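> Kindly return the folded structure for what I paste below:
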Amino acid sequence: MKMMTVLEVLQATTAYFKKHNVENPRLNAEHLLAHLLGRKRIELYLEFERGLTESELSAMRELVKRRGEGEPLQHLLGTVEFCGHVFLCDKRAMVPRPETEELVELLKSEIRNVPAYAKATASGQTKILDVGTGSGAIALSFAAEFPEAQIVALDISNDALALAQENAARLSLAARVRFLKSNLLENVEGTFDLVVANLPYVSTQARDTLSREVLHDPGVAVFAGARGDELVRDLIAQAPMRLRPGGMLALEIGIGQSEALLSALAEKNYRDIYSKNDYSGVTRFLFARYG
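Presented below is the predicted three-dimensional model:
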């Protein structure tokens, strides 16, 4: 029997993924095969004629089947890139999204460019709180960028906290972030310059509209309640107790939630309230100061 080459496997996999409605079928095929062969994706292009052994083919078939059934690519690879760092990624926490990277980049430039922030950060006085840390992506990205800042990361899920701590160790940032189990701000003490949160913001009634991939994320990381914005509202109410005077609350929110949540911020006497769109043009981020 003739061996299948790298190119033939990529072509067959791409066709299979198209049939099973996998987004970016060719890219998914390349990522999986590169992962299996221990190569960088770009290196596959130099090995198109290489034949795959039966055991390699068998392992690839298993990965392809699982991806075709909607298991996220990041779960199959075991990692995801976020803000230039590679994070472990599995079913214990939500797969970090590109929108959340945008939020982190917006806040990094805020911290660098606002003189008071920049000065406090350099002197080790800036305190950042990441609420609902999941895999730790937000907190650890800040820890890598601002070695002097004091960072606390919270989650209600033991599984997520375990994954976040593995990521901290892997990135040699374990001493830089304090992880804490907490339902929103329940177990938090002290005040912070920045409270940032990418909380669950999907309505439980929207389950049928979600992609197969999102349904592989833990429900506790996706669904908030019947409306979808319940947890964000709770945090808006709790955050003033934990913000230093003039401190900022930064939120990632769901599609169509901005108007009601901007009103909620105004009702709770926040100031300098504004929103920003993500790259898709969706109003995705809210910012407000308190005190």
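> helix or strand for residue 162, which one?
Using DSSP states H and E, the element containing residue 162 is helix 158-170.
> Quick check: residue 197 touching residue 128?
No: the pair residue 197 / residue 128 is not scored as a contact, 11.4 Å apart, by Cβ atoms under 8 Å. For every residue, glycine as well, the C-beta is placed using N, CA and C.
> what's the distance between residue 130 and residue 76?
27 Å (Cβ to Cβ, to the nearest Å).
> The two: who's more crowded?
residue 130 (29 against 19; other Cβ atoms under 10 Å).
> Secondary structure class of that one, three-state.
strand (DSSP: H, G, I helix; E, B strand; the rest coil).
> Touching, it and residue 196? I think so.
Yes: contact between residue 130 and residue 196 holds when scored by Cβ under 8 Å: they sit 5.6 Å apart.
> Can you pull the phi/psi pair for residue 5?
phi -90, psi 170 (degrees, to the nearest 10).
> For it, name its beta-bridge partners.
Taking DSSP bridges as the rule, residue 5 bridges to residue 51.
> Any figure for the gap between the closest residue to residue 206 other than its chain neighbours and residue 71?
Nearest residue to residue 206 in three dimensions, chain neighbours excluded: residue 228, at 7.0 Å (Cβ to Cβ, 6 or more residues apart in numbering). Distance, residue 228 to residue 71, by Cβ to Cβ: 25 Å.
> Which one's more surrounded, the two?
When residue 228 and residue 71 are compared for neighbours, residue 228 comes out ahead with 21 against 16, by other Cβ under 10 Å.
> which ones are touching the more buried one?
201-203, 206, 254, 257 (Cβ atoms under 8 Å, 6 or more residues apart in numbering).
> which of those residues has the weakest pLDDT?
In terms of pLDDT, residue 206 ranks lowest among the contacts of residue 228, with 70.
> Could you report the neighbour count for it?
Neighbour number of residue 206 under other Cβ under 10 Å is 13.
> one step back: mind listing what's buried in the helix or strand that the helix holding residue 162 is followed by?
Later in the chain than helix 158-170, the nearest helix or strand by DSSP H and E is strand 177-181. Under the neighbour-count criterion of 16 or more other Cβ atoms under 10 Å, strand 177-181 has 177, 179-180 buried.
> could the contacts of residue 228 go into CSV alongside secondary structure and distance to residue 106?
Formatted as CSV, the contacts of residue 228 follow (DSSP: H, G, I helix; E, B strand; the rest coil; distance: Cβ to Cβ, whole Å):
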residue, secondary structure, distance to residue 106
201, coil, 18
202, strand, 22
203, strand, 26
206, helix, 26
254, coil, 18
257, coil, 18
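> follow-up on the earlier one: tell me what the helix holding residue 162 is packed against?
Judged by 3 or more Cβ pairs under 8 Å, 6 or more residues apart in numbering; DSSP states H and E, the packing partners of helix 158-170 are strand 85-88, helix 137-145, strand 150-155, strand 177-181.
> Bridged to residue 249, which residues?
Counting by DSSP bridges, the residues bridging with residue 249 are residue 195, residue 288.
> Would you confirm that it contacts residue 285?
No: in this structure residue 249 lies outside contact range of residue 285 using Cβ under 8 Å: 11.1 Å.
> Those two: which has the busier surroundings?
Ranked by neighbour count (other Cβ under 10 Å), residue 249 and residue 285 place residue 249 first, with 26 against 22.
> Contact partners for the spatially most central residue of the chain?
Nearest to the mean C-alpha position of the chain, by Cα atoms, centre = their mean, lies residue 96 at 2.1 Å. Residue 96 makes contact with 80, 82, 87, 89, 134-135, 137, according to Cβ under 8 Å, 6+ apart.
> Residue 104 falls within a strand, correct?
No: with three-state DSSP as the criterion, residue 104 is located in helix rather than a strand.
> Nearest residue to it in space, ignoring adjacent ones along the chain?
residue 141 (5.0 Å).
> Give me the neighbour count for the one you found.
For residue 141, the count of nearby residues is 25 (other Cβ under 10 Å).
> ok, now residue 183?
Neighbourhood size, residue 183 [other Cβ under 10 Å]: 11.
> correct me, but it touches residue 132?
No: using Cβ under 8 Å, residue 183 is not in contact with residue 132, being 10.1 Å away.
> Next, show the common contact partners of the two.
In contact with both residue 183 and residue 132: residue 156, using Cβ under 8 Å, 6+ apart.
> Identify the residues contacting residue 131.
Residue 131 neighbours (Cβ under 8 Å, 6+ apart): 154, 184-185, 195-197, 199, 235.
> rerun at 6 Å
154, 197 (Cβ atoms under 6 Å, 6 or more residues apart in numbering).
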